[in-house]
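Chemist: this one's sequence-less:
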């Protein structure tokens, strides 16, 4: 985990501000004002990196919840269902009791893969399970898990990328993506102060990290 204070210092270093600076190059009323601005931008920075990253295996703000009891879906199509946490952004790994391997990607309920799960002849098995993101009757986001081996099964693994919570800091995160969050936050900060050239430069560095592009800072 990276604390919020550590993230703030990381971003401040990127914009050439240190703890002992008496004067700020950015238009702020003081160091505390700058820190508050960075903290306010961190949730947006994390969300942007979570959306933009395409490097396999990279993770941003990962939470683990287990075990979780799974209820049989009422539609009788052989799936288990569970409500998704309010801070859920995307999957990292999901494994239901009885499955031979975890699932790392989740299908949309309108996708061909999700539609195939409605058929008992085409439905996924324990060696190649499928997870589908859906919406419950009250508008609550749900995850359908195919196949459900037995009623009352538990989730053995449930790890997901979560929205950023300032009180918790940046949870499990790979090093390149932690750097990408700092660069993105610096870009947003410069953008706020209408320093667009600097903002674009930092955003380019963040995008390079998210997409495994080799770049050199000038």
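Modeler: Now that the structure is in, tell me what you want to look at. Everything numeric here is computed off the predicted structure, so don't read it as measured data.
Chemist: which residues touch the top helix by length along the chain?
Modeler: In terms of residue count, the longest helix belonging to the chain (DSSP state H) is helix 31-52. By Cβ atoms under 8 Å, 6 or more residues apart in numbering, the list of residues contacting helix 31-52 from outside reads 4, 7-8, 11-12, 17, 19, 21, 24, 26, 28, 60-61, 89-90, 161, 163-164, 166, 170, 177, 180-182, 184-185, 188-189, 192, 206-207, 210-211. All C-beta spots, glycine's among them, are computed from the backbone N, C-alpha and C.
Chemist: does residue 165 really touch residue 87, like I thought?
Modeler: Yes - counting by Cβ atoms under 8 Å, a contact exists between residue 165 and residue 87, whose distance comes to 7.1 Å.
Chemist: after the helix or strand bottoming out on mean pLDDT in the chain, next one along is what?
Modeler: None of the helices or strands of the chain scores lower by mean pLDDT, DSSP states H and E than strand 71-72, at a mean of 65. For strand 71-72, the succeeding helix or strand toward the C-terminus, using DSSP states H and E, is strand 80-83.
Chemist: quick one: that next one to chain centroid distance?
Modeler: Going by Cα atoms, centre = their mean, to the nearest Å, the spacing between the C-alpha centre of strand 80-83 and its chain's C-alpha centre is 20 Å.
Chemist: quick one: strands adjacent to that strand?
Modeler: Taking DSSP bridges as the criterion, strand 80-83 forms sheet pairs with strand 71-72 (antiparallel), strand 141-146 (antiparallel).
Chemist: got a markdown table for those strands, with mean neighbour count and distance to residue 154 too?
Modeler: Conversion of the strands paired with strand 80-83 to a markdown table gives the following (neighbours: other Cβ atoms under 10 Å; distance: least, Cβ to Cβ, whole Å):
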| stretch | mean neighbour count | distance to residue 154 |
| --- | --- | --- |
| strand 71-72 | 14 | 11 |
| strand 141-146 | 22 | 11 |
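Chemist: understood, closing this out.
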